[in-house]
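In: Kindly generate the corresponding structure for this input.
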Amino acid sequence: MSQDLHESLRDNVRILGDSLGRTIADDLGSHFVDRIETIRALAKRGRQGDQQSRRELIDYLRRLPERDLLPVTRAFNQFLNLANIAEQHYRARFRRVEDYKPGSQPVLSELLERARSTGHSPRQLVETLAGMRVELVLTAHPTEVIRRTLIQKYDAIDDCLSIIESSLDYPERDIRAKGRLEELISQAWHTDEIRHERPTPVDEAKWGFAVIENSLWQAVPDFHRDLDNLLLDIAGEHLPLDAAPIRFASWMGGDRDGNPNVTARVTREVLLLGRWMAADLYLRDLEKLKAELSMWKANSALRADVGNVAEPYRELLKRLAARVEHTRDWAKAELEGQRLEEGAIIESRDQLYAPLLSCYRSLCDVGLDTIANGTLLDTLRRIAVFGVTLTKLDVRQEAGRHAQVMEELTDYLSLGHYRDWEETQRQTFLLEELQSNRPLIPRRWDCSTESREVIDTFRVIAGEQTEALGTYIISMAAQPSDVLTVALLMKEVGGRVSLPIAPLFETLDDLNRAGHVIDQLLGLPGYRALVDDRQEVMIGYSDSAKDAGQLAAAWAQYRAQECLVEVCRSHGVDLTLFHGRGGTVGRGGGPAHAAILSQPPGSVNGSLRVTEQGEMIRFKFGQPDIALRSMEIYTCAVLEASLLPPPAPQPEWRDEMDHLAEVAHAAYVGVVREDPDFVPYFRAVTPEGALGRLPLGSRPTKRRQDGGVETLRAIPWIFAWTQIRLMLPAWLGSGEAFSRRLEQEGGLEILQEMRDQWPFFGTYLDMLEMLLAKADVGIAAYYEHRLVDEPSLKALGERLRGRFGTLHESLLQVLDQQALLEKTPLIRQAIEVRNPYIDPLHGLQAELLQRNRDADGAISADLSRALMVTMAGIAAGLRNTG
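Out: Purely as a prediction, here's the structure:
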């Protein structure tokens, strides 16, 4: 690819930027646009190495009248969002945009041909795809900074770009589209970027359902149609009708870990919303099918079902639509606190699927295959993927909340104090109660409010159809008893263990012990029968990286997965690994294809669960074309990892990683945990203290309101360091590990061998390279200059920047490059284009933070809003937040 951004991308950035300039001029005058251009020009010259321009930029920003601070921040924020629209549009149009390095973006047809050439039969390819179970779990982690109303306008702007590009021979259409574009950009400019209130968990769930309605509802049948055509061409077979290689689950309204706003009542409401939304969408499909399936030819089975009518398909569809409409009305009444006669509502996937399958088979039997494989097939595919609830709702709760229930219960029943029991005593008690027919929980037990909420959640689970729910995840799981407790509570309240139970291992110690804990669990009498020889385990990326540093955490995650695969294989149990990845490198983020192929051999065996978090949901699934490509990438990665897995690492590579992780962990802990200046420095130099003002999500930024960094959630921890461009959580410790090894004999050779031959290590270096390219220690130094007074804190900042420089030099040496991103020009150009627009936001943010602190947080409403807009703009410019 050319060193320059693709021409169409550059043109679209110009079109959008020019339109924004005209909008701002209409609102604030051409002199204000000139002011914005002066700031941008100074920032651009500063980026080209002109230090005088950098100084002039800072002086100019500091001299801005207070009335101009908000509109200036808004202008740069809006441009960065428009640049993102242009880039998303470009990626949707051009299938093989090389995000990270040449050849990194797979194409399914090429992969299937490669699999055939290595000895996999056509039948094996069909069976693997038909049996594949990739579940993408949409989570409401608070990293989406853009309001939903603006997202809708941005999607409409993207539509205008498509019309403009297809109107070369239709000047009238081009003029109309550009007029509409101008209108939409004006609407966006005159809309407040910042929410005035935090979204509730129900608001977050509605946002997730809107992604399905506006994008995935169309992308899913398109994806299956493309896959079906490909298999027909390569293997001579169709994809089975009920195959759903990719499905969707959700944490929105189910994740109560550290979020007191997610209650049993909220979970019930979100489940009903899913039922209502699904019924509404299917009703639209059925109305369309009634209009289209007007033919009279039908097989005897359909005739027997509907009778001797002139239009048998319409007759069946009319009956089915009446049930779906009644289901929608029932769900709506329940949401409004009213009661509606349940009657013949749709409760399960099969109740919706079977009648339409009857229509499909009838059409095929009478020779109308072309009609059967049209709109009707699209609806059947949707039902296979979305069921009657759109997503499966996971439930997550912290292990300590379950232990609290058991402590109160054993105390009430005079059985002792559960919290004081040894692990073996807990296991014995829990296993006996799981086998007992006698109820353990008294009917009139007056427990604490916290325990009542836990039990009420299990009541909601018991009252739902199993297919409406996904997995019960236990955060901070550490022992087999953590899993047994959830199984017992599920059985006590609902009569059976109805959901998969996944312990989440998320600290370094827990990851190191994960294999041992699961081995113990699977060896307990009766447990395997309880879970039908299936075990799901969740690997936590965010908190393990915050706990141990990115390099040590990544290696611990890899080793934990290897151990879990071997343990489950030895017990004859099917393992599904659930990857709790975030959007950023510091939280396990990165390109899906590379991330999946860097997992240990055998850990991806046609089965995978992975979280899609915050703003990444919009980037990957917010538009049908982008969603289609994202699903293809996941399918390619899981297929390749299953059929063509990477080789196991050499023993000497494992030794190298052990040493690298040990050095990196010691360096990370030495700063974050042991340096008394670190927490004061973090709070002084970053906007962490002001993050609470940004109403990103329903969950509090801290697990507890007291304490230090350990109580801060991983997302605001990453967000704060990203805002000042130091990106510390993703690299701290790595520089010491690499530089020390490079000083030793053979160090460079072994690291480059690992880079070239081991996907795990190569992917780690790629992600580190991208992150260092986005970082800017000069900007971090300016924040420090503006916000830090204490000499000891300034000294710590200087040492941290020195560590960054050491890593930068070491990484270039291992990569054998003169500069970062030499082999990925698109990303380098995208960062360079954005920097002149992000840099002023950094300068303004530092200024506003200082004013806020000088005023003890009592700055004006406009300045407070300007501060929040700088956070949103920097996040938009860097394309990730937390």
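
In: going forward, measure contacts between C-alpha atoms and count neighbours the same way
Out: Noted.

In: For the protein, which segments count as strands?
Out: 133-139, 246-250, 392-398, 469-475, 501-505, 534-540, 574-580, 607-613 (DSSP state E).

In: Can you name every helix or strand that the fourth one contacts?
Out: Going back to what we said before, that points to strand 469-475. On a contact count with 3 or more Cα pairs under 8 Å, 6 or more residues apart in numbering; DSSP states H and E, strand 469-475 meets strand 392-398, strand 501-505.

In: where's it relative to the chain centroid, distance-wise?
Out: Chain-centre distance of strand 469-475: 17 Å, with Cα atoms, centre = their mean, to the nearest Å.

In: could you give the angle of that strand to strand 133-139?
Out: Strand 469-475 and strand 133-139 are oriented at 60 degrees to each other (axes from the mean of the first three to the mean of the last three Cα atoms, to 10 degrees).

In: Reformat the helices and strands packed on strand 469-475 as JSON lines; add distance to F209, mean neighbour count and mean pLDDT.
Out: Below are the helices and strands packed on strand 469-475 laid out as JSON lines (distance: least, Cα to Cα, whole Å; neighbours: other Cα atoms under 10 Å; pLDDT from 0 to 100):
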{"stretch": "strand 392-398", "distance to F209": "12", "mean neighbour count": "23", "mean pLDDT": "97"}
{"stretch": "strand 501-505", "distance to F209": "25", "mean neighbour count": "26", "mean pLDDT": "97"}
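
In: and R683, which of the ones you listed is closest to it?
Out: strand 392-398 (27.4 Å; Cα to Cα).

In: what does the closest one rub up against?
Out: Strand 392-398 is contacted from outside by 248-258, 271, 467-477, using Cα atoms under 8 Å, 6 or more residues apart in numbering.

In: and the angle for that strand with strand 246-250?
Out: Following the same axes, to 10 degrees, one obtains 50 degrees for the angle between strand 392-398 and strand 246-250.

In: before we move on, back to that, which one of the helices and strands packed on strand 469-475 lies closest to Y154?
Out: Per Cα to Cα, nearest to Y154 of the helices and strands packed on strand 469-475: strand 392-398, 28.4 Å.

In: Any chance you could give me the closest one in CSV, C-alpha atoms only?
Out: Output in CSV follows, covering the C-alpha atoms of strand 392-398 (Å, rounded to 0.1, in the frame of the first residue of the first chain):
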residue,chain,number,x,y,z
LYS,A,392,-28.1,-14.7,25.7
LEU,A,393,-27.7,-12.7,28.8
ASP,A,394,-24.7,-13.6,31.0
VAL,A,395,-24.8,-13.0,34.8
ARG,A,396,-21.7,-12.0,36.6
GLN,A,397,-21.2,-11.6,40.4
GLU,A,398,-18.1,-11.5,42.6
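
In: wait, isn't E612 in contact with H579?
Out: No - if you go by Cα atoms under 8 Å, E612 and H579 don't touch, sitting 9.7 Å apart.

In: Which one of these two is surrounded by more residues?
Out: The residue with more neighbours, out of E612 and H579, is E612; 25 against 22, by other Cα atoms under 10 Å.

In: which residue packs closest to the more buried one, ignoring adjacent ones?
Out: Once flanking residues are discounted, E612 sits nearest to L138: 5.0 Å by Cα to Cα, 6 or more residues apart in numbering.

In: before we move on, the earlier item: how about CSV for the helices and strands packed on strand 469-475, with distance to D756 added?
Out: Converted to CSV, those look like this (distance: least, Cα to Cα, whole Å):
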stretch, distance to D756
strand 392-398, 38
strand 501-505, 30
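
In: what's near enough to touch D228?
Out: Residues counted as contacts of D228 (Cα under 8 Å, 6+ apart) are H238, L239.

In: and it, how far is that from P624?
Out: Distance, D228 to P624, by Cα to Cα, to the nearest Å: 18 Å.

In: swap in N261?
Out: N261 is 32 Å from P624, by Cα to Cα.

In: Can you pick out the residue with more neighbours from the two?
Out: Neighbours per residue, other Cα under 10 Å: of N261 and P624, the larger number sits with P624, 22 against 16.

In: burial of L184, as a residue count?
Out: Look at L184: counted by other Cα under 10 Å, it has 20 neighbours.

In: What of S436?
Out: When neighbours are defined as other Cα under 10 Å, S436 has 10 of them.

In: From E492, how far out is it?
Out: Taking Cα to Cα, one finds S436 at 10 Å from E492.

In: picking that back up, most packed of the strands of the chain?
Out: The highest mean neighbour count among the strands of the chain, using mean count of other Cα atoms under 10 Å, belongs to strand 501-505: a mean of 26.

In: Just want the angle from it to strand 469-475.
Out: Per the same axes, to 10 degrees, the angle that strand 501-505 makes with strand 469-475 is 40 degrees.

In: From the contact counts, what lies against strand 501-505?
Out: On a contact count with 3+ Cα pairs under 8 Å, 6+ apart, strand 501-505 meets strand 469-475, helix 480-494, strand 534-540.

In: Is it possible to get these out as CSV so that each row also shows distance to T410 and mean pLDDT?
Out: CSV is the format used below for the helices and strands packed on strand 501-505 (distance: least, Cα to Cα, whole Å; pLDDT from 0 to 100):
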stretch, distance to T410, mean pLDDT
strand 469-475, 21, 97
helix 480-494, 13, 97
strand 534-540, 28, 95
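
In: mind checking which of those is nearest A737?
Out: strand 534-540 (23.0 Å).

In: Could you tell me which strands that closest one is paired with, and in which direction each runs?
Out: Strand pairing for strand 534-540, determined by DSSP bridges: strand 501-505 (parallel), strand 574-580 (parallel).

In: Output these in TSV; the columns should cover distance to D675.
Out: Below are the strands paired with strand 534-540 laid out as TSV (distance: least, Cα to Cα, whole Å):
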stretch	distance to D675
strand 501-505	27
strand 574-580	29
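
In: residue contacts, L867?
Out: Contact analysis of L867 by Cα under 8 Å, 6+ apart lists L844, Q845, L848, L849.

In: Apply 10 Å and report the result again.
Out: 69-70, 73, 687, 690-691, 693-694, 841, 844-849, 852, 861, 873 (Cα atoms under 10 Å, 6 or more residues apart in numbering).
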